[in-house]
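Quick check, what structure comes out for this input:
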Amino acid sequence: MKKGIVITLSVLSVLFGFTSCKKQIARGDVQRENIFSGTTSIAYAKGLEIEYHEDYSLVNISQPWAGSSKTYSYVLAKKEAVLPDSLKNRQRIEVPVKDIVVTSTTHIPALELLNEVGTLRGFPGLDYISTPVVRQLINEGKVKELGSNESLNTEQVIDLEPGVVVAFAMDDSNKSLQTIAQSGIAVLYNGDWVEQTPLGKAEWIKLYGVLFDKREKAERLFTEIEEEYQNALKLVNDIVVQPTVMSGVMYQDVWYMPGGGSWAGIYFKDAVSDYLWKDTEVTGSLALSFESVFDKAKDAEYWINPGHYETLAQLKEANPHYANFKSFQSGKVFSFAPTKGSTGGTVFYELGPTRPDLVLKDLIYIFHPEVLPGYEPVFYKQLK
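As a prediction, the model looks like this:
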């Protein structure tokens, strides 16, 4: 994860607290499908709209960050495309993109799945990238370090002359992105992180399908991910006994707990667990006191995502009262925090949003191991 977002996502882990068994998504060429001109296939993502035409696509991004009131519109067009007069004032990005800069590790898996990692020219915070094939390019000096997301090395970006910078932003005040845009380089905001459903996050792979003129392949990849997610749901369709679950951890004097309507709450529901805050409709997090959490969750069977802590000892050292929870005492504390890439990046933050099917299988295995015998979790580990 880029340096600029690491603090934010560390807090998010507080808030929400490739193996032989993993289903491999096809990465080779796929048979072309009929995607008719003027249609769109976005089914889950709330902040992304794509309208396909023969030589160009219209892209609207209405949720580049939380609380955004502005929609960013782009025309992703082939070099020879002739656009209607009504579109000539929109930001035009030539596709297929030959050189790209991305700014969040959540953008990396789409490049890998579409066989386009070779187009990556720069990234802010290279150590946060975990994908092996991209790490190899970094080691060969083919991907440049660009500083931090909040303060991109604009001179370096401009020298790279990418066809597009795919940007992560918390708001519209990032001056380095403004400078890059003023230089004539296209800046395209990616709002995958704002989506509150697992499949909504994953569906943003279709944006990269348009960027690389591989929209049919992106459609097929997402369909495979969606089908794997639905197949995982079928595994627990007949489960009756639902283990009780708590999540999150204290941050300063507040326990941030994912709301029942958040992406974390949806995973707990889909994995057929009794998440103790499931009845809250909040899509973000709840700010609770330790006392209220302990009163409700002291006997919870599982504790999922206790912040950035990687061992029970670290958890107890941070707050001795954590050891009073039944889940702590029984050792049923699980987190994605210990699963790191070769240079310390958290794998979940990179691959998790694109592969919700794997996240769901991990949680199903934790709560109902009998339905996935022999499964090896991709992200989650039991804290020792």
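
And stretch 285-295, end to end?
Taking CA to CA, to the nearest Å, stretch 285-295 runs 18 Å from one end to the other.

Can you list the buried residues in it?
The neighbour-count check on stretch 285-295 (16 or more other CB atoms under 10 Å) flags 285, 286, 288, 293, 294 as buried. For the C-beta atoms, the positions are set from N, CA and C on the backbone; glycine is no exception.

Confirm for me that the third one is in contact with residue 258.
No: the pair residue 288 and residue 258 fails to qualify as a contact (CB atoms under 8 Å) at a distance of 11.1 Å.

For residue 367, grab phi and psi.
According to degrees, to the nearest 10, the main-chain angles of residue 367 amount to phi -80, psi -30.

which residue sits closest to residue 169, ignoring its sequence neighbours?
Nearest non-adjacent residue to residue 169, counting by CB to CB, 6 or more residues apart in numbering: residue 65, 5.6 Å away.

domain parsing for this structure?
Using automatic domain parsing, the domain parsing of the chain gives 31-231, 241-382.

sec struct for the residue nearest to residue 169, please.
Taken by DSSP: H, G, I helix; E, B strand; the rest coil, the conformation at residue 65 corresponds to coil.

And it, how close does it get to residue 129?
Between residue 65 and residue 129 the computed distance is 22 Å (CB to CB, to the nearest Å).

do residue 283 as well
Going from residue 283 to residue 129 by CB to CB gives 29 Å.

circling back: which residues touch the residue nearest to residue 169?
Going by CB atoms under 8 Å, 6 or more residues apart in numbering, residue 65 touches 169, 170, 171, 172, 189, 191, 194.

what does residue 204 give?
By CB under 8 Å, 6+ apart, the residues touching residue 204 are 45, 48, 110, 190, 191, 192, 195, 353.

Please repeat the previous calculation with a cut-off of 6 Å.
Applying CB atoms under 6 Å, 6 or more residues apart in numbering to residue 204 gives the contacts residue 192.

again with residue 243
Residue 243 makes contact with 273, 301, 302, 367 under the criterion CB under 6 Å, 6+ apart.

Okay, and which of these map to helices?
Counting by DSSP state H, those place residue 367 in helices.

okay, the contacts of residue 243 in CSV with pLDDT and neighbour count next?
Listed next are these as CSV, based on pLDDT from 0 to 100; neighbours: other CB atoms under 10 Å:
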residue, pLDDT, neighbour count
273, 98, 25
301, 98, 17
302, 98, 22
367, 98, 24
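
Distance of residue 235 relative to residue 158?
For residue 235, the distance to residue 158 equals 50 Å [CB to CB].

ok, now residue 51?
To residue 158, residue 51 is 31 Å away according to CB to CB.

And for residue 56, nearest residue in space, chain neighbours not counted?
Excluding the flanking residues, the one nearest residue 56 by CB to CB, 6+ apart is residue 77, at 3.6 Å.

Give me the sheet partners of the host helix or strand of the one you found and which way each runs.
Taking DSSP states H and E as the definition, residue 77 sits inside strand 72-78. Looking at strand 72-78 with DSSP bridges, its partner strands are strand 56-61 (antiparallel), strand 91-95 (parallel).

Name the stretch from these that approaches residue 248 most closely.
For the strands paired with strand 72-78, proximity to residue 248 was assessed by CB to CB; strand 56-61 is nearest, at 29.5 Å.

Could you pull out the buried residues of the longest helix anywhere in the chain?
Scanning the chain for the helix with the most residues, using DSSP H, yields helix 215-235. Of all the residues in helix 215-235, those buried under the rule 16+ other CB under 10 Å are 215-222, 224-226, 228-229, 232, 235.
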